[in-house]
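Peer 1: Based on what follows, work out the 3D shape:
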Amino acid sequence: MTPTAPGIDSLPGDAAQIHDDLTRFRRDLHRHPEVGLDLPRTQERVLAAVDGLHLEVSTGTRTSSVTAVLRGAGGVTGSRPTVLLRADMDALPVHELAAIDYRSEVDGSMHACGHDLHTAMLVGAARLLDARRDSLPGDVVLMFQPGEEGYGGARIMIEEGVLDASGRPVDAAYGMHVFSTLAPHGTFVTKPGPMLAASDGFAVTVQGRGGHGSSPHAALDPVPAVAEMVLALQSAVTRSFDAQDPVVVTVGLLRAGTKRNVIPDEAFFDATVRTFSDAQRARVAEVLPRVVRGIAAAHGLTVDVQYTQEYPVTSNDVDETAFAAGVLERLFDGRHTRWARPLAGSEDFSFVLQQVPGTFVGLGAAPVGADLATAEFNHSPRAVFDDGVLADGAALYAALALERLHQGSDA
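Peer 2: The predicted structure is shown next:
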């Protein structure tokens, strides 16, 4: 559907007028990253940035979240269409090595995934929409979320009522994520259906009986069993699951022993598991524990298996993705592409999309002219995200809300 909301075409130009403000705001966040669910300084900065706008603002009780509702004109509260826009705010426990003059001033913490850009863009969208509130035929919920990086912040905000913050359930939800590679600078990416993988945790502790390294026959050595398990998991993936519905298993932590001539009592590994469908996700939770239990039994060892379902598949609604693509093509002609395949990363915006039709949009934020083949990807200590995309990201957030409310009011 061709975008028809009044004022939508002026959004990129208006966003450009506040680009310098957004850049200063983003760089301030970048210098002072905070990790997890408790982001007091970040919350304070967001509250200050939206102060003076016509917003109904509330904060979380279990997190440093900020929820802001912008009321449009006309209709009756509780029956008007409502759109949610989400930005995550947390950083990562990564020590920054990027060669930029606004590097993190907090040792061991860095905005290595670009959430500082997301936050700045949503602040920009709040300003753009506030200036157009008299022409909004509905309400906008602005969701500033902590704890995306493995803490389930979106789920907590949902439990605390963010999806009903306007007085009625939201009709559609939109999120955005920048990439330091994968897409050229300023290029937007959409994909209907699964766009990002589900992410689960698989932790295994193998219990043996320690002894002297010279006499393994007198002990029960857990180390060979764990080594066998790590390799067997890769065989299980290729032999038990359809390659057209991928499963990715990566052991990122492996620990055993204290000294080379001591057989330890136990060995431990922790893995991340990525899947792209609910069916594979359910099956892999059965297959992988069975494999490691079988190996442990063959070695005469006991094993404790902890399989934890964490983030669901980020699956975009087909209609909402087509709607977002139409807005992109109207505002940013020639700078929109569609992914053919999903990415194995994960996102807790998936919890929102489980309950609300919506879509997640990617945005290339590599520096202009960067070689995408060699650029450092998100989560790298050397990842660089270009401020030049802030105005366009803010304009897109605002355009999605503005157009979707107009279409919803016409329904």
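Peer 1: What count of nearby residues applies to Leu39?
Peer 2: By other CB atoms under 10 Å, 29 other residues sit near Leu39. The way it works is simple: take the backbone N, C-alpha and C, and place the C-beta from them, glycine included.
Peer 1: Touching, it and Val106? I think so.
Peer 2: No: using CB atoms under 8 Å, Leu39 makes no contact with Val106, being 12.0 Å away.
Peer 1: what about stretch 343-356, distance to the chain center?
Peer 2: How far stretch 343-356 lies from its chain's middle: 7 Å, per CA atoms, centre = their mean, to the nearest Å.
Peer 1: same check, this time on stretch 193-205
Peer 2: Centroid separation between stretch 193-205 and its chain, computed with CA atoms, centre = their mean, is 13 Å.
Peer 1: from memory Asp304 sits against Val204, does it?
Peer 2: Yes: Asp304 lies in contact with Val204 (CB under 8 Å); the separation is 7.3 Å.
Peer 1: Settle it for me: which of these two has more neighbours?
Peer 2: Each of Asp304 and Val204 has its neighbours counted (other CB under 10 Å); Val204 has more, 26 against 13.
Peer 1: Which residue ranges of the chain form helices?
Peer 2: For the chain, the helices defined by DSSP state H occupy 11-17, 19-31, 40-50, 115-130, 153-159, 222-240, 278-298, 318-331, 350-355, 390-410.
Peer 1: Now stretch 395-411: buried residues?
Peer 2: 395-409 (16 or more other CB atoms under 10 Å).
Peer 1: likewise stretch 195-206?
Peer 2: By 16+ other CB under 10 Å, the buried positions in stretch 195-206 come out as 195-200, 202, 204-206.
Peer 1: Which of the residues you listed fall in strands?
Peer 2: The strands, defined by DSSP state E, take in 195-196, 198-200, 202, 204-206 from the buried residues of stretch 195-206.
Peer 1: What ranges in the protein fall below the confidence cut-off?
Peer 2: Where the chain drops to pLDDT under 70, the residues are 1-3, 74-78, 409-411.
Peer 1: Find the centremost residue of it, please.
Peer 2: Centroid-nearest residue in the chain: Glu347, 3.3 Å away (criterion: CA atoms, centre = their mean).
Peer 1: Now do stretch 152-169: distance to the chain's middle.
Peer 2: The answer for stretch 152-169 is 17 Å, by CA atoms, centre = their mean.
Peer 1: now what about that stretch, what contacts it?
Peer 2: For stretch 152-169, contacts defined as CB atoms under 8 Å, 6 or more residues apart in numbering pick out 37, 58, 60-63, 65, 67, 69, 71, 77-80, 82, 84, 86, 88, 90, 139, 141, 143, 145-148, 170, 173, 310-311, 348-352, 355-356.
Peer 1: Buried by neighbour count: which residues of that stretch qualify?
Peer 2: Residues of stretch 152-169 classed as buried: 152-158, 160, 162-163, 165-166, 168 (neighbour count, 16+ other CB under 10 Å).
Peer 1: Could you single out the nearest of the residues you listed to Arg239?
Peer 2: Gly152 (32.3 Å; CB to CB).
Peer 1: Next, find the distance separating that closest one from Val361.
Peer 2: Gly152 sits 22 Å away from Val361 when distances are taken as CB to CB, to the nearest Å.
Peer 1: Report the contact partners of Phe349.
Peer 2: 86, 88, 148, 154, 173, 175, 314, 360.
Peer 1: Reformat these as CSV; add distance to Val237.
Peer 2: Formatted as CSV, the contacts of Phe349 follow (distance: CB to CB, whole Å):
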residue, distance to Val237
Arg86, 32
Asp88, 30
Glu148, 27
Ala154, 28
Ala173, 33
Gly175, 29
Thr314, 21
Phe360, 26
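Peer 1: and the closest residue to Gly358 other than its chain neighbours, what does it touch?
Peer 2: Leaving aside its sequence neighbours, Gly358 sits nearest to Ala173 (CB to CB, 6 or more residues apart in numbering; 3.5 Å). With contact taken as CB under 8 Å, 6+ apart, Ala173 is in contact with 83-86, 163, 349, 352-353, 356-358.
Peer 1: Looking at strand pairing, list the partners for Ala173.
Peer 2: Following DSSP bridges, Ala173 is listed with bridge partners Leu84, Gly358.
Peer 1: Now do it against Val35, distance only.
Peer 2: 25 Å.
Peer 1: same thing with Gly108?
Peer 2: 9 Å.
Peer 1: of the two, who's got more company?
Peer 2: Val35 (20 against 12).
Peer 1: hang on, isn't that one packed against Asp90?
Peer 2: Yes: between Val35 and Asp90 there is a contact under CB under 8 Å: 6.0 Å.
Peer 1: Find the residues that touch each one of the two.
Peer 2: Applying CB under 8 Å, 6+ apart, one finds that Val35 and Asp90 are jointly contacted by Glu149.
Peer 1: what separates Asp116 from Leu363, distance-wise?
Peer 2: Distance from Asp116 to Leu363, by CB to CB: 14 Å.
Peer 1: With neighbour numbers in mind, choose between those two.
Peer 2: Taking Asp116 and Leu363 together and counting by other CB under 10 Å, Asp116 has the greater number of neighbours (29 against 25).
Peer 1: got a list of what that one touches?
Peer 2: Asp116 makes contact with 26, 29-30, 33, 89, 91, 385 under the criterion CB under 8 Å, 6+ apart.
Peer 1: Show me the two of these that sit farthest apart.
Peer 2: Top of the distance list for the contacts of Asp116 (CB to CB): Met89 and Phe385, 14.6 Å.
Peer 1: Residues contacting stretch 45-58, please?
Peer 2: Stretch 45-58 has contacts (CB under 8 Å, 6+ apart) with 25, 28-29, 59, 66-71, 89, 119, 123, 126-127, 130, 133, 142, 144, 165.
Peer 1: Filter the residues you listed down to just the buried residues.
Peer 2: The neighbour count (16+ other CB under 10 Å) marks 25, 28-29, 66-71, 89, 119, 123, 126-127, 130, 133, 142, 144, 165 as buried among the contacts of stretch 45-58.
Peer 1: what's the burial count for Leu301?
Peer 2: Using other CB under 10 Å, Leu301 has 20 neighbouring residues.
Peer 1: about what we covered before: who's in contact with the residue nearest to the centre of the chain?
Peer 2: Residues in contact with Glu347 (CB under 8 Å, 6+ apart) are 148, 175, 177, 196, 311, 314, 360.
Peer 1: Okay, and which of those map to strands?
Peer 2: Secondary structure assignment (DSSP E) places 175, 177, 196, 311, 314, 360 from the contacts of Glu347 within strands.
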